[in-house]
Structure formats: C-alpha cells, structure tokens
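Engineer: I would like the atomic coordinates for the input below:
(2 chains)
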Amino acid sequence: MATDAPQHRPQPAEAGLVVGHWPHLRGKETIARIMWSVAAALVPAAVAAGYFFGIRAYLHIGLAVATAVITEAIITRLRLGKMTVGDGSAVVSGLLVGFCLPAQARWFVPIVASVVAIAIAKHCFGGLGYNIWNPALVGRAFVHISFPTDMNPSAWPVLTGDHFIGDVGTAVGGLPEGVDAVSGASPLAAVKDIAATHGYTLADVLKLLTFREGPGLWDMFVGTVGGCIGETSALLLVLGAIYLIYKGWVRWQIPLAYLATVALGALFLPLYLTGGEGGTGPTGWQPIITCMPDAALRFVLWHLLGGGLVLGAFYMATDMVTTPITSRGTLIFGAGCGVLTILIRLYGGYPEAVCYSILLMNTTVPLIDRWTQPRIFGHKR
Amino acid sequence: MSLLKEFTDKPFKHNPVFVLVLGLCPTLAVTTSLKNGVAMAAATTAVLVCANILISLIRRFVPNQIRIACYIVVIAGFVTMVEIAMKAIAPEAINKALGIFIPLIVVNCIILGRAEAFASKHGPLASLMDGLGIGVGFLLALVAIALVREVLGAGTLWGYRLTPVTVGPTTVIPQYVPITVLGMAPGAFIVIGLLFGLFSLVGNRRRDAARLVAVPAVPQVAGDFPKPKKKPADKAEGGEAPSEPRPSEPQPSEPRPPEPRP
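Structural biologist: As a prediction, this is how the structure comes out:
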C-alpha cells in the first residue's frame, strides 16, 4: 500500500533503551496477553455480581466497558493514527470502573467514570505506560466527588435469590416492589456510623463482632453483602488473583504488604471506647488487642474483607504502570496503601479509603523508585 | 496600523492565560461561574489599561532600580479605585464571590508582566492598545473556562438553571445532572488543562499551516509508539511526500521577547 512505510527496515529502539546484539530470545508476554488474562481473572467476580445485585450490575459493567473501549478507540485513533483497543487495557480499566460503582447508581455514572478514566487519567498523561494514577480509580474518585448520592447510597441492596431486577434507567434506590432483596448499610459504613454517632462503645464493637447486626464474616467472604458491584466477593477475587500471581503478572509483595498493614493497624491502632451501655467497660483510647483480645481476630477479618480492600489490594494497587519497579519499592508501596487505608477508615471522614489511599501512593511511586534503586553489583553506594 | 496590530495580536497569539500563562491564580479561583469570570475580567482590564497608560507615561522618569516598586504603587492605586467602584456598582453576589481576588489584582502577574514587558518600553497609545488586547484575551480565557465549569459543573448558564427540553409529553433532553467536581478546585485544574491542550493544538495547527509544513498533528510522545506513517493531508498541504516524519519542531515556536513572570 502506498500509505505504508517500508517494513523491512529495523524498528528504531525506544528512546533511552539499548538493544544488544542478536540472537535475541523473544518473550511470549505481550500487553494484550497480560491484559486479557487480567480481564479473564475478573470475569468470575463479574458474573457473581449479577447474582448478588441483579441485572443492573451487568448493565453497569457493560456500560463502563463499552464506554472505556469507545473512548480508547477514538483517542488512540486521533493521537496515534491507529487503534490499540485490542490490547485489552481499556477493557480492564472499564471492568474495574464498573466494579467499584454501586449497582443502584444512575446510568450515566459508569459512563462519566469511564470517560474520565480513559481520556483524562490515561491519555492526557501519555497513554498506556505513562499514566501516573490508576485510571479506574481516578474515574471512581471523579464520580465519587461529583455524584455523592449515587456513590454513597444510604442502603445497599443485596439480592438473596436469582432475581433480576430493574433497568438501567431506574433512579437511585428505585427497587421494584415485591423483590426479595435485603438492604442495609455496607459493613464499613455500619462501623463508621457507630463510630460517628457515639464513638466505639464496647457494646457496639461487640455487636459488630458477634454480627447480631449486619452481615457475618462468611457472607463477607462469599460476597452476599452490600457494597459496590465487584468488590464484595473476596473468594472469587482472590481466586482470580492467585492465577495472576502464579503467572507473575501481579506481584505478591503489594497485596501482602497492603493486607498485612491493614491487619496490623486494625489490631494495634487505638479506638475511642466510651465505656459501653452501663459505662462499665473500658474507656478512652485503646487498641482492640488490649481491651478485647478474644474479638481482635474477628475485627481484623472484618476490616480485611470489608469494602473494596480485596479488589484494591489485588487488582488496583498492583497495576503494572502505577506501581514501583523494585521489590522493596512494592513492599513500601503496599504498606503505604495499608497505612493510609486503615487511618482513614478508623479516624477519617469516609467509610472506605482504598481508592484514595492507592491514588495517593501512586503519586509517590517515582520517589519510591528512586529511593529503592538496588545497588549495582560491584558498585559502592 | 501598527497600533491596531498591538491590539489584534493580543487576544489569541499572546493570550495571557493560554499562551503567556500569566494570572493563573485568579483564573482558577473565580471561574466557577460566567458572571464572576466576566466581572473579574472587567476589573482586571480596567486596572490593566489605566496602569499601562500611566506607566508608559512615567517610564522615562522612573529609575531602573526601583521600577517594580513604582509600578506596584501605580497599580495599587488603580486597584483601590476599581475596588471601591465595584463595591458601589456591582451586585452584592458578585462582590461576595470575587472577594479577596479584587484587591489581589495588585499582584496579578498579567498587569505587572505587561507593565514590565510592554508599557515600560512603548508609548502610551501602544500601551493602551496592548492593555485592551490583553484584557480581551483574559476575558475570552475566563469566559471559556467559566462556561465549561458553570454549565457542566453547576448545570446553570449565567445563573439560569438548565431545564429539561420536552416536546409535548416526551422528554427530548432530560434534566442535566451537574458534575459537581468541575465546580471545585480539582475541576478547575482539569478544565484549564484540557483547554490549554486545545489552545496549543489549534495554535500549532495554524502555525504549521502557515508554514506549509506537513507535520502530523500528533503529539510527540517520547518515542513509545511508532509514529504515524503518512497522512493523506500531507499530499494536499505539502506537495512533497516525506517518507519519514519530520523531527519535531523546536519548542519555542517564534522568537518572542521573554515575558517576565513576577
């Protein structure tokens, strides 16, 4: 074709890279292979979301993915003169955007979130490989600030059966009548409400931990609790993540450091106890480990399984582009995310903190990378 | 003729916000609504024109070493006048919204920048035209930013709420749901960033078209992606068909006197 440059010339090396002499071993890993694998790992949770939250979950995920793909196609066509949708990165971003929206958000919320994620968070900073922040999380943060009623509904419906309800046009909270749905605060919002109204009384912590109020640990593990579309089922998310870790595309250091820091923080950070109902219990600032040692494990598991922590720790904090390169760097990054998450959860204004913690830590990645450069063999520090 | 050019050059080619990148602080802060933006631009333009003329008149008497201090005194005088005038004329809501940003025009870098770069080197008439041109440019920039932020971020236009469009019983355009973040500080940065990009894109296109150089209208990414091979537009514009994309043009497009940024 006349419009194509001759193909036999060797492609110039990327700026700053030196190509050694041949023969070269060619790796089979490509962007497309990795991205489609990540998408595949997310599919079980996506399928289950429809079971938990009804057809709206599928519609939201579908809208988010479609918008992300269309936006990516248009922008890459304009910027690069070709479309790179086939590499699957837009699909993964769209899936993750859809995963961190509540099912009853209005129909345009996933669209706005996906456009912001792809157009602003990704391509304004140079496209795949150059973005500073995780695109999906930027999209979520954008709609979280813009549409607070959609993103923080007072009641999170959970379907107990295989009822497919509603259509995308239904307004917030507009569940049709006669649907066998359980609604309640998401686990973390329940904790936050108690903390906000009268501090953590001992009785409240006990209530939470014995799960006379709110969902139980097993529900939180399987996913039949309130929450955003894709974040509730720790079981399915971890299954997908194990596959990715086995392939080496998700580095285990980040989720490990992240989850461990959150667990340690939940154990040892002091809660404000107000003495319980009769004023007989412990008062003042005390960590759960000293005031209620036998309930500590459940409190920790509550924080690990609650909210978007599993989704964030395994899929969002581990995005290859926006995380440090070095192993020590990934540990620092994960720990930083964990510290921010547990601090905001226990003392901050929001019930959930995974999104903003990861975004804040993404900002520090260049610094972390600079600090944790490994010593080159034979060089002195 | 050249006096007219001093005016016509300014709004686009030397736009204070998008090209000279001056006065970003008030630009980001007051563009939450169109009314505020227009009021701010009017106040700034008034100060700018007066200060430009006076500074141009006194430019031969002011010792070089203390010129900035003298300019600030002149500017502060006009700002005080404008502030008092606005309190008397402008509606209460606008005064409340603009608040501290009117007195802060004293340290607005547009005014000091033009005083230093233009008025202290040109006659009063040229300085007047420069002030008017830059003022119009500032107005255009503020209107562009405020339009996006007010319509998308608040769902209003010049204070009037956007309502759904209905034809008979059917709703053609449903009620717009404001994207509130665009009215907040992060939204200001996002909108101004996108408009910067748009302005540069149009500016580069015009410059390239003027030079009859067929540079693909694609940002030069740091070598990651293969450059687009050739565009059909090349043939139409350039006549020649370059087999390789041209090296990127040197960044400062045209020799311009360096603009100080106080």
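Engineer: Please settle this for me: is residue B:175 part of a strand?
Structural biologist: No: assessed with DSSP: H, G, I helix; E, B strand; the rest coil, residue B:175 is coil; it does not lie in a strand.
Engineer: Hmm, it is touching residue B:161, no?
Structural biologist: No: using C-beta atoms under 8 Å, residue B:175 is not in contact with residue B:161; the gap is 9.4 Å. All C-beta spots, glycine's among them, are computed from the backbone N, C-alpha and C.
Engineer: ok now do the closest residue to residue A:360 other than its chain neighbours, which residues does it touch?
Structural biologist: Leaving aside its chain neighbours, residue A:360 sits nearest to residue A:340 (5.9 Å; criterion: C-beta to C-beta, 6 or more residues apart in numbering or on different chains). Contacts of residue A:340 were listed using C-beta atoms under 8 Å, 6 or more residues apart in numbering or on different chains, and they are A:353, A:356-357, A:360-361.
Engineer: next one: residue A:354
Structural biologist: Shown in contact with residue A:354 (C-beta under 8 Å, 6+ apart): A:307-309, A:311-313, A:316, A:337, A:341.
Engineer: got the contact list for the residue of the stretch 1-150 of chain B found nearest chain A?
Structural biologist: The minimum distance from the stretch 1-150 of chain B to chain A, using C-beta to the nearest C-beta, falls at residue B:149 (12.6 Å). By C-beta under 8 Å, 6+ apart, residue B:149 lies in contact with B:31-33, B:182-183, B:187-188, B:191.
Engineer: hmm, 10 Å instead?
Structural biologist: Contacts for residue B:149 (C-beta atoms under 10 Å, 6 or more residues apart in numbering or on different chains) come out as B:31-34, B:37, B:179, B:182-184, B:187-188, B:190-192.
Engineer: Neighbour count, secondary structure and distance to chain A for those - can I get that in TSV?
Structural biologist: Shown next, in TSV, are the contacts of residue B:149 (neighbours: other C-beta atoms under 10 Å in any protein chain shown; DSSP: H, G, I helix; E, B strand; the rest coil; distance: C-beta to the nearest C-beta, whole Å):
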residue	neighbour count	secondary structure	distance to chain A
B:31	28	coil	17
B:32	22	coil	15
B:33	24	coil	17
B:34	20	helix	20
B:37	26	helix	21
B:179	21	coil	4
B:182	22	helix	8
B:183	22	helix	9
B:184	15	coil	7
B:187	23	helix	9
B:188	23	helix	13
B:190	19	helix	6
B:191	22	helix	10
B:192	21	helix	12
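Engineer: just checking, what's the longest helix in the chain?
Structural biologist: You didn't pick a chain, so chain A it is. If each helix of chain A is counted by residues according to DSSP state H, the longest one is helix A:55-80.
Engineer: wrong one, I was asking about chain B
Structural biologist: Chain B, longest helix under DSSP H: helix B:124-154.
Engineer: Can you list the buried residues in it?
Structural biologist: B:126-142, B:144-154 (16 or more other C-beta atoms under 10 Å in any protein chain shown).
Engineer: Also stretch A:58-78?
Structural biologist: In stretch A:58-78, counting by 16+ other C-beta under 10 Å, buried: A:58-61, A:63-73, A:75-76.
Engineer: same thing with stretch A:31-50?
Structural biologist: For stretch A:31-50, by 16+ other C-beta under 10 Å, it's A:34-39, A:41-42, A:45-46, A:48-50.
Engineer: right, quick check: it against chain B, any contact?
Structural biologist: No: under the criterion of C-beta under 10 Å from any C-beta of the partner chain, chain B is not reached by stretch A:31-50; the shortest gap measures 11.6 Å.
Engineer: out of everything not next to it in sequence, what's closest to residue A:44?
Structural biologist: Using C-beta to C-beta, 6+ apart, the nearest residue to residue A:44 is residue A:236, at 4.3 Å.
Engineer: List the contacts of residue B:123.
Structural biologist: Going by C-beta under 10 Å, 6+ apart, the list of residues near residue B:123 reads B:3, B:53, B:56-57, B:59.
Engineer: which residues does residue A:144 contact?
Structural biologist: Counted by C-beta under 10 Å, 6+ apart, residue A:144 has contacts A:100-101, A:109, A:113, A:137, A:150-152, A:350, A:352, A:355-356, B:181.
Engineer: for residue A:257, that is, sorry about that
Structural biologist: Residue A:257 touches A:313, A:317, A:330-338, counting by C-beta under 10 Å, 6+ apart.
Engineer: Relative to chain B, how far out is it?
Structural biologist: According to C-beta to the nearest C-beta, to the nearest Å, residue A:257 stands 29 Å off from chain B.
Engineer: That residue is in what secondary structure piece?
Structural biologist: helix A:253-268 (DSSP states H and E).
Engineer: which parts of that helix are buried?
Structural biologist: For helix A:253-268, a neighbour-count test (16+ other C-beta under 10 Å) marks A:253-259, A:261-263, A:265-267 as buried.
Engineer: can you dump the C-alpha coordinates of it into CSV?
Structural biologist: Provided in CSV are the C-alpha atoms of helix A:253-268 (Å, rounded to 0.1, in the frame of the first residue of the first chain):
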residue,chain,number,x,y,z
GLN,A,253,4.5,-8.1,47.6
ILE,A,254,1.9,-5.4,47.1
PRO,A,255,-1.2,-7.3,48.3
LEU,A,256,0.8,-8.9,51.1
ALA,A,257,2.1,-5.7,52.4
TYR,A,258,-1.2,-4.0,51.9
LEU,A,259,-3.3,-6.6,53.7
ALA,A,260,-0.7,-7.1,56.5
THR,A,261,-0.5,-3.4,57.2
VAL,A,262,-4.3,-3.0,57.4
ALA,A,263,-4.5,-6.0,59.7
LEU,A,264,-1.8,-4.7,62.0
GLY,A,265,-3.4,-1.3,62.0
ALA,A,266,-6.7,-2.7,62.9
LEU,A,267,-5.1,-4.7,65.8
PHE,A,268,-2.9,-2.1,67.3
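Engineer: Tell me where the chain has strands.
Structural biologist: All of this is about chain A. Along chain A, the stretches classed as strands by DSSP state E are A:156-159, A:181-184, A:270-274, A:283-287.
Engineer: could you do chain B instead?
Structural biologist: Under DSSP E, chain B gives strands at B:156-157, B:160-161, B:165-167, B:170-173.
Engineer: Which of those sits closest to residue A:346?
Structural biologist: Nearest to residue A:346, of all the strands of chain B, is strand B:156-157, at 39.1 Å by C-beta to C-beta.
Engineer: What score does residue A:53 have for pLDDT?
Structural biologist: Per-residue pLDDT puts residue A:53 at 79.
Engineer: Tell me the spacing between it and residue B:164.
Structural biologist: To residue B:164, residue A:53 is 29 Å away according to C-beta to C-beta, to the nearest Å.
Engineer: Any stretches of chain A with poor pLDDT?
Structural biologist: For chain A, the stretches with pLDDT under 70 are A:1-15, A:153-216, A:273-283, A:294, A:381.
Engineer: mind giving me the domain split of it?
Structural biologist: Following automatic domain parsing, chain A resolves into domains at A:30-168+A:179-184, A:186-371.
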